[in-house]
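1. Below: sequence and its predicted model.
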Amino acid sequence: MEELNLFIKSIFIDNMIFAYFLGMCSFLAVSKNVKTALGLGAAVTFMLTVTMPINYALDRYVLQEGALTWLSPSLADVDLSFLGLIMFIAVIASGTQLVEMAVEKFSPSLYASLGIFLPLIAVNCAILGGALFMQQRGFTSAWTATVYGAGSGIGWLLAIVGIAAIREKLAYSNIPAPLRGVGITFIITGLMGIAFMSFLGIKL
């Protein structure tokens, strides 16, 4: 039950886009059509789901103070937590390379439409933010970290697909010239953020 609550909360209440504004560059740049947004959102969700348990194990059994006691009791005083950021990025970058190769092989059209933003998943703030939140909140198991990663990814996916669907409709709307493009996108993002704030009333 606790994992289900965490899953729902990470999608709607602690949404990476609307609650923490993480991954905004890709969110704004790749949300011009639904198909591309769906592809990038699925890639981000996959990356969050896969890298969270790996980063959890890395933090729990290597980086924390005294984590290396499973190797030798003499390493009880070793604290490698200062390497956390570098190690998390290394895991994410490695996973991104695998995703990039898979997308290029199985969906060349999606690979071409995503362009530079596919390899930039490696530095997507939402994915790194998920790992840092996992570390900060002290999750008790790899499963909990995986659930949180999956929920955060789905929340990011919903956000980018939602804004992409709206932007496709806006192409047929009579928008004042100064607001066309990124201007109206910022306004809609703010309104969607306000809408997602209504989920704060959910009692979990």
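-> Thanks, I have it.
2. which helix in the protein runs the most residues?
-> Selection of the longest helix in the chain by residue count, based on DSSP state H, yields helix 142-170.
3. Now that helix: average pLDDT?
-> Looking at helix 142-170 alone, the average pLDDT works out to 94.
4. excluding its backbone neighbours, what's nearest Ile188?
-> In space, and not counting its chain neighbours, Ile188 is closest to Ile166: 5.7 Å by Cβ to Cβ, 6 or more residues apart in numbering. Any C-beta I mention is one placed from the backbone N, CA and C, and that applies to glycine too.
5. Tell me which residues touch Glu2, please.
-> Taking Cβ atoms under 8 Å, 6 or more residues apart in numbering as the definition of contact, the neighbours of Glu2 are Thr144.
6. picking up where we left off before, surely the residue nearest to Ile188 touches Ile187?
-> No: look at Ile166 against Ile187 with Cβ atoms under 8 Å: they stay out of range, at 10.7 Å.
7. Those two: which is more packed in?
-> Ile166 (18 against 12; other Cβ atoms under 10 Å).
8. ok, back up a step: buried residues of the longest helix of the chain, list them for me.
-> Within helix 142-170, the residues that count as buried by 16 or more other Cβ atoms under 10 Å are 142, 144-164, 166-167, 170.
9. what's the distance between the residue nearest to Ile188 and Ile184?
-> When distances are taken as Cβ to Cβ, to the nearest Å, Ile166 and Ile184 turn out to be 9 Å apart.
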